[in-house]
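**Q** Make a model of this:
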Amino acid sequence: MIESAQKRKQRKFRFTAPMHERQGFASAHISKELATKLGIRKRSVQVRKGDTVKVMAGDNKGKTGKVSDVNLLKGTVSIDGIIRKNAKGKELPIPINASNVYITDMDMTDKQRQAKMESFKKK
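**A** Below is the predicted model of the structure:
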């Protein structure tokens, strides 16, 4: 992460960051129940497709659903069931900032993610 305290440099860093650093921008808090169930000491992890999340801020506050898409360029997630209609009547997913959701259930089908969670276990 950038060490400068200047807002313009922090903004420039976020907008020009490479994709491997943008993955960290798309992270969200974990619910306390999930953290105790998994036995991990981390507060937040990266959001992935298939995770179940709850929206904590905005017009859709309190709604839950599965993540259908994660956009690393914008740092947003799309959630099944949270949609809006455009002028032509087509239903579009509402992009929600990853920092405005928290993870209530994680998709642990990926072996690499399981290994990562094992490294986060309390010691």
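**Q** what about F120, how many neighbours?
**A** When neighbours are defined as other CB atoms under 10 Å, F120 has 14 of them. For glycine as for every other residue, the C-beta is placed from the backbone atoms N, C-alpha and C.
**Q** do the same with D105
**A** 17.
**Q** Can you check the pLDDT for it?
**A** Looking at D105, its pLDDT is 94.
**Q** which non-adjacent residue is nearest it?
**A** T52 (3.9 Å; CB to CB, 6 or more residues apart in numbering).
**Q** What's opposite that neighbour in the beta bridge?
**A** K66, D105 (DSSP bridges).
**Q** does it really touch V101, like I thought?
**A** No. Judged on CB atoms under 8 Å, T52 makes no contact with V101 at a distance of 10.0 Å.
**Q** Comparing those two, which residue is more hemmed in?
**A** Between T52 and V101, counted using other CB under 10 Å, V101 has the larger neighbour count: 27 against 18.
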